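# return atomic coordinates for the entry below.
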Amino acid sequence: MNTIISPSRDDHGLALGDTGDLAYNPAAVYLASLPSPHSRRTMRACLATMAHLLTGQADADPLRVPWFRLTYAHTAALRARLIERLAPATVNKYLAALRGVLVECRRLGLMGADAAASAADLKAVKGSGLPRGRMLSVGEQAALMRACADGTAMGARDAALLAVLLGCGLRRAEAVALTVGDVAEGSVRVQVGKGRKARRVPMPAGTRLAVAAWLATRGEVATDAPLFTSYDRRPNQHGDRISDQAVLHILLRRAGMVGVSTVSPHDFRRTYISQLLDADTDIATAKQLAGHASVETTARYDRRGEQARQRAAEKIHVPYFPSEIREG
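Residues are numbered from 1 along each chain as shown. Next comes the predicted model:
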């Protein structure tokens, strides 16, 4: 496989990573700036793939790639390679990670402003494929909640977690960051959402009941205690705050119990937004509840399908008056 750059030493010293000082490593600094562990894992995986394409090394470590040596010729070639392999939206996510590292190269004094700007001057890839994810049916939602109704404390926790995801549309990183005090007064307070934006989301009745049942199971706890904690199957033994990866494992376990397939935590968010729109909630309000930066992003979460479009079309009144057929 042809490489785009060589990871060897350059004229200015050792390749990044050789000093072992992560404080001056642009990839490490960029990853540390991201708001959640999930974001850091995702973008590190993007950087690892690009490191492989840049160096030709299957196990290339993104923390040891000399990103500061990249020129526009390198990044344009990398963009072309990504387009050959990935969907447009995925390529744009990779390019966002690349730009983030190049910004840190400039901030750390590893690249001049003009050199960094030139290397990052990459157009977004246009085009779209089929939308990812899906909307859960009412039957699937009910089945998942019934799977948690096993009379155990773990079941109460899982029911509350799924009810918050489904009834409030939270990202899984937002859900695991909640404290007990964040679910007071019939709403969920998201203190640090994506982009570090706080918001308050009303809880529907089912979510309020599920959360109350979980808190009753836990007993008296401080308001700053994590809302969702690990549980080791021993009575009244709660562990630490669950991770966003644990949310995925919990969902897959409950889905497997009732035969719900091809479901992800983000499908709960897609379902929440789709149901808001199906209930004739205006898209600006849906945007605020979802914590999106733009209504365009909210619109991309709509998974209601052809039936919803047909129902919308039937609401349009067309004043058609057929002519009378006169008998001769």
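# can you map out the helices along the protein?
26-33, 37-55, 72-85, 88-107, 113-119, 138-148, 153-168, 172-176, 205-218, 244-258, 265-278, 283-290, 295-299, 305-314 (DSSP state H).
# mean confidence for stretch 146-164?
In this model, stretch 146-164 has an average pLDDT of 94.
# could you do stretch 58-76 as well?
Mean predicted confidence for stretch 58-76 is 92.
# try stretch 241-248
pLDDT averaged over stretch 241-248 gives 90.
# buried residues in that stretch, which are they?
242-244, 247 (16 or more other C-beta atoms under 10 Å). The C-beta positions use only the backbone N, C-alpha and C, and glycine is treated the same way.
# contacting residues around it?
36-38, 161, 165, 172-173, 175-177, 226, 228-230, 250, 264-265 (C-beta atoms under 8 Å, 6 or more residues apart in numbering).
# of the helices of the chain, which is nearest Gln191?
Of all the helices of the chain, it is helix 172-176 that lies closest to Gln191, at 8.9 Å by C-beta to C-beta.
# CA atoms of that closest one as PDB?
This file holds the C-alpha atoms of helix 172-176, laid out as PDB (Å, rounded to 0.1, in the frame of the first residue of the first chain):
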ATOM      1  CA  ARG A 172     -26.400   8.300  26.200                       C
ATOM      2  CA  ALA A 173     -23.500  10.400  27.500                       C
ATOM      3  CA  GLU A 174     -26.000  13.000  28.800                       C
ATOM      4  CA  ALA A 175     -28.100  10.200  30.500                       C
ATOM      5  CA  VAL A 176     -25.100   8.700  32.400                       C
END
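# helices and strands around that helix, which ones?
Secondary-structure packing of helix 172-176 (3 or more C-beta pairs under 8 Å, 6 or more residues apart in numbering; DSSP states H and E): helix 37-55, helix 153-168, helix 244-258.
# quick one, which of these is packed in tightest?
helix 153-168 (a mean of 24; mean count of other C-beta atoms under 10 Å).
# hang on, the earlier thing: apply the buried test to the contacts of stretch 241-248 and list what passes.
Of the contacts of stretch 241-248, these count as buried by 16+ other C-beta under 10 Å: 36, 38, 161, 165, 172-173, 175-177, 226, 228-229, 250, 264-265.
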